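1. The following comprises the amino acid sequence and a computationally predicted model.
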Amino acid sequence: MRFRVITAVALAYVGTVIGAGFASGQEVWQFFSRFGAHGLWGIVLVTAIFAMVGAVALDRGRQGLENFADLLHRVYSPRIVRLSEGMIDAFLFAGLSVAVAGGGSTLTHFGLNAWLGKLVTLAIILYIGYLGVDGVMKINALIVPYLIFVIVITSFIVGYRQSAVPGPAIHSWHWFLSALLYVSYNLFTAVLVLVGLGGKMSSRREVWYAAGLGGMILGFLLYVEHRVLTVLPLIQDLPMLTVANHANSHLGTLYAVSLWLALLTTGVGIAFVFRQRYGSHKLLGLTLVLILTQWSFQTLVSHFYPVMGSLSVILWLPVFVSIRGAK
């Protein structure tokens, strides 16, 4: 058992999911906390799904799957494959636009012009994506522990100061559907990244340890943010950054840094997938996402993510198709 590799892969998994909307609190509010107490059940559900599907995706990569298009061809007709390929590219662009737009919003906290902040964020994402699988693992091994620390500290400081209030009266099944949409969208990029990282795994046991650790970390972070968001009277563009600033100006600065770093980890995962699909020489084509960043971060999250979650299921379900000759 190579625990260093297992931990590095688990952190890369977390870094792929914990990006733009997650660290800001916007995703957690939209998909969980607005349902009040029911949102907690949604968190339990997605934690289990993250662990299970993550393990299957890693195992496919361990078995030698390198081109996700090959897997699509095994499952769907040529027409559906072409549609799926188009959806993958569209979702990559949409997801990266959210990360870059959030990066611009976050860097205004440090006095930087929003458009300059977007350019800086995108340039770093493309550079790390160019480095390939080792770059993805190294950057997440450095950034994700810091993200976990700051999110947990902020959540517990704010949660300690405020008392929980009853959640909104929303039909109980809505939280279930919302949780499925959330995990479906996030699994789209995560599955593509994990297939690429699967070659680092030497056994099925390592696969399950890495995916299980990643799923548990994600579930825990969802929970600690949920504790804060359910007591806020108003949800703004970057709610977790707002409450960190209100709690303590220094904590606000630390959270702003962590939010920007979280945006990087999501963007890096997307750039890595794009590199795997088209080669490093096509990465500059991702600069076109700047066109989509004219909309606000909150608008992008609330409109893009539910639609992408509904459609993403056809992109990650193929990983459950068995591959002969598995070890």
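-> Sure thing, it's come through. Owing to the predicted nature of the structure, the values given are computational and were not obtained by experimental measurement.
2. do you know how far residue 286 is from residue 318?
-> When CB to CB, to the nearest Å is the yardstick, residue 286 and residue 318 sit 25 Å from each other. (C-beta placed from N, C-alpha, C; glycine too.)
3. what does residue 70 give?
-> Note on residue 70: its distance to residue 318, by CB to CB, is 10 Å.
4. Of these two, which one has the most company?
-> Neighbour tally, residue 70 and residue 318, criterion other CB atoms under 10 Å: the higher count belongs to residue 318, 18 against 10.
5. Excluding chain neighbours, give the residue nearest to the more buried one in space.
-> Spatial nearest neighbour of residue 318, excluding adjacent residues (CB to CB, 6 or more residues apart in numbering): residue 75 at 4.4 Å.
6. What values do phi and psi take at that neighbour?
-> The main-chain torsion angles of residue 75 are listed as degrees, to the nearest 10 and equal phi -110, psi -40.
7. just to confirm, which helix or strand has the closest residue to residue 199 other than its chain neighbours in it?
-> The shortest distance from residue 199 to any residue other than its chain neighbours is 5.6 Å, reached at residue 61 (CB to CB, 6+ apart). Assignment of secondary structure by DSSP states H and E places residue 61 within helix 38-62.
8. so who does residue 154 touch?
-> Under the criterion of CB atoms under 8 Å, 6 or more residues apart in numbering, the contact partners of residue 154 comprise 228, 240, 243-244, 247, 251, 255.
9. before we move on, what SS does it have?
-> Using DSSP: H, G, I helix; E, B strand; the rest coil, the three-state assignment for residue 154 comes out as helix.
10. buried stuff in the one helix or strand residue 146 maps to?
-> With elements taken from DSSP H and E, the one containing residue 146 is helix 133-161. If you call a residue buried by 16 or more other CB atoms under 10 Å, then helix 133-161 has these buried ones: 133, 135-137, 139-141, 143-144, 147-148, 150-151, 153-155, 158-159.
11. same thing with stretch 25-41?
-> Taking 16+ other CB under 10 Å as the basis for neighbour counts, the residues of stretch 25-41 that come out buried are 25-36, 38-40.
12. So which of those residues belong to helices?
-> Restricting the buried residues of stretch 25-41 to those inside helices, with DSSP state H as the criterion, leaves 26-31, 38-40.
13. JSON lines please, covering those and showing pLDDT and distance to residue 54.
-> Output for these, formatted as JSON lines (pLDDT from 0 to 100; distance: CB to CB, whole Å):
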{"residue": "26", "pLDDT": "78", "distance to residue 54": "23"}
{"residue": "27", "pLDDT": "81", "distance to residue 54": "18"}
{"residue": "28", "pLDDT": "87", "distance to residue 54": "19"}
{"residue": "29", "pLDDT": "85", "distance to residue 54": "24"}
{"residue": "30", "pLDDT": "81", "distance to residue 54": "22"}
{"residue": "31", "pLDDT": "86", "distance to residue 54": "18"}
{"residue": "38", "pLDDT": "84", "distance to residue 54": "24"}
{"residue": "39", "pLDDT": "86", "distance to residue 54": "22"}
{"residue": "40", "pLDDT": "89", "distance to residue 54": "21"}
